[in-house]
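Trainee: just coords:
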């Protein structure tokens, strides 16, 4: 596609349930990022993938959060046993990464997660 | 370590007046600096960046930003604001020398342009 695609756009779940959020980056972009945006908190870095290298997971807030990127393209962010504090907008972005470009990110429109 | 600060949660300006949205940064090496804009219920859109060269950078929608190394600032400016400029603006920094491709974002500044 022309841009970064995220699904679902909205997800309402009950506390304790698992959720999966999907990101389809721009074709040819080797770098993929997940950020979390909470009201008044700006963007919080979660995880970074670059090509086939091991991901940088330093931003994941707990072991309930995990992410994978299959075939160097689509990524899935999984949150297990969701808590109310997980409610936020989850933003995915991609960039040319180390293969070129000077680092600007291209963002999807986000997945809004509400945990009841 | 890298960090960025946007000291104003909100900026109010009248349409037609000049606007400034402030950003200061901290990095160990040389900075790559970025501005993004977020319209309601949308993702972030890239506006402009400073990598090297001229301190005054021009970007989309008539915006520009000035890199000031001595003040470690990268303020976003526009000579004449439009109501349609009302949005949330994020400054971001990445340390060019750190080998990391992960930018750090500020908390965002809400720009409100009054008719």
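Mentor: Cool, got the structure. Everything numeric here is computed off the predicted structure, so don't read it as measured data. Numbers count the residues shown, from 1 in each chain, chains lettered A, B, ... in the order given.

Trainee: Nearest to the spatial middle of chain A, which residue is it?
Mentor: residue A:34 (3.0 Å; CA atoms, centre = their mean).

Trainee: which residues does that residue contact?
Mentor: A:23, A:45-48, A:67, A:75, A:77, A:90-92 (CB atoms under 8 Å, 6 or more residues apart in numbering or on different chains). C-beta: built from backbone N, CA, C; applies to glycine.

Trainee: Residue B:31 now?
Mentor: Residue B:31 is in contact with B:2, B:25, B:50, B:74, B:93-96, counting by CB under 8 Å, 6+ apart.

Trainee: make it 10 Å
Mentor: Counting by CB atoms under 10 Å, 6 or more residues apart in numbering or on different chains, residue B:31 makes contact with B:2, B:4, B:25, B:50-51, B:67, B:69, B:72, B:74, B:93-97.

Trainee: Bridge partners for it, pull those for me.
Mentor: Counting by DSSP bridges, residue B:31 is bridged to residue B:95.

Trainee: Give me the pLDDT for it.
Mentor: pLDDT recorded at residue B:31 is 91.

Trainee: Strands of the chain, start to end?
Mentor: No chain specified, so I'll use chain A. Secondary structure of chain A, counting by DSSP state E: strands at A:5-7, A:10-13, A:19-24, A:31-38, A:42-50, A:65-69, A:75-79, A:88-95, A:106-107, A:111-115.

Trainee: not what I meant, chain B
Mentor: Assigned by DSSP E, chain B shows strands spanning B:3-5, B:10-14, B:19-21, B:24-26, B:31-38, B:44-50, B:56-58, B:64-68, B:73-78, B:87-95, B:104-105, B:109-114.

Trainee: Tabulate the contacts of residue B:31 in JSON lines, adding columns for pLDDT and neighbour count.
Mentor: Formatted as JSON lines, the contacts of residue B:31 follow (pLDDT from 0 to 100; neighbours: other CB atoms under 10 Å in any protein chain shown):
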{"residue": "B:2", "pLDDT": "90", "neighbour count": "19"}
{"residue": "B:4", "pLDDT": "95", "neighbour count": "25"}
{"residue": "B:25", "pLDDT": "96", "neighbour count": "22"}
{"residue": "B:50", "pLDDT": "94", "neighbour count": "21"}
{"residue": "B:51", "pLDDT": "89", "neighbour count": "16"}
{"residue": "B:67", "pLDDT": "96", "neighbour count": "20"}
{"residue": "B:69", "pLDDT": "94", "neighbour count": "10"}
{"residue": "B:72", "pLDDT": "96", "neighbour count": "17"}
{"residue": "B:74", "pLDDT": "98", "neighbour count": "27"}
{"residue": "B:93", "pLDDT": "94", "neighbour count": "25"}
{"residue": "B:94", "pLDDT": "90", "neighbour count": "24"}
{"residue": "B:95", "pLDDT": "87", "neighbour count": "20"}
{"residue": "B:96", "pLDDT": "79", "neighbour count": "17"}
{"residue": "B:97", "pLDDT": "77", "neighbour count": "10"}
